[in-house]
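> Can you look at this prediction? I've put the sequence above it.
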Amino acid sequence: QVQLQESGPGLVKPSQTLSLTCTVSGGSITTNYYYWHWIRQPPGKGLEWIGDINYSGSTYYNPCLRSRTSISRDTSKNQFSLQLSYVTPEATAVYYCARYSGIGDIDYWGKGTKVTVSS
């Protein structure tokens, strides 16, 4: 059973960088052919895809966020991370990490972590 757990600060100030880490257990982030995603849901709104990193380390970003987004991984810790720079209060959301096999829907989700952007 694969488990994903988000971690990071729950409060970030405007213009700072939001940093989150997803720790994966029960499966390796380097296993073919999985994609590891970051997704967020602002209060009262739908899900927004932020980006992902795949089994080989290639990254893909939402074009609307690409200039401020970086996703990386630490294979020794079986973790992948999100950095979103120059955040505004509109970045306030529940942030999820998730796994996608390339077929069908996302098969595993983290429980989500709430991040508030406020001074």
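Here it is on my side, so go on. Because the structure is a prediction, the values reported are computed rather than measured.

> Compute the number of surrounding residues for E90.
9 (other CB atoms under 10 Å). To be clear about C-beta, it is placed using only N, CA and C from the backbone, and glycine gets the same treatment.

> Surely it and R40 touch.
No: between E90 and R40 no contact is recorded; they are 10.6 Å apart, counting by CB atoms under 8 Å.

> Check which helix or strand the most centrally placed residue in the chain maps to.
Nearest to the geometric centre of the chain sits W38, at 2.5 Å (CA atoms, centre = their mean). Taking DSSP states H and E as the criterion, W38 maps to strand 35-41.

> same for that strand, what does it pack against?
strand 18-25, strand 48-54, strand 93-100 (3 or more CB pairs under 8 Å, 6 or more residues apart in numbering; DSSP states H and E).

> just the CA coordinates of the first one, formatted as CSV?
Output in CSV follows, covering the C-alpha atoms of strand 18-25 (Å, rounded to 0.1, in the frame of the first residue of the first chain):
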residue,chain,number,x,y,z
LEU,A,18,6.1,28.2,-0.2
SER,A,19,8.0,24.9,0.3
LEU,A,20,6.4,21.5,0.8
THR,A,21,7.7,18.0,0.8
CYS,A,22,5.9,14.7,0.1
THR,A,23,7.2,11.6,1.7
VAL,A,24,6.3,8.4,-0.1
SER,A,25,6.2,5.0,1.5
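
> Can you point out the buried residues in that strand?
For strand 18-25, burial by neighbour count (16 or more other CB atoms under 10 Å) applies to 18-24.

> Over to stretch 109-116?
By neighbour count with 16+ other CB under 10 Å, stretch 109-116 contains the buried residues 110, 112-113, 115.

> Work out the gap between that stretch and the centre of the chain.
Relative to its chain's centre, stretch 109-116 lies at 9 Å (CA atoms, centre = their mean, to the nearest Å).

> how long is that stretch end to end?
20 Å (CA to CA, to the nearest Å).

> neighbouring contacts of that stretch?
4-12, 18, 20, 22, 41, 91-98 (CB atoms under 8 Å, 6 or more residues apart in numbering).
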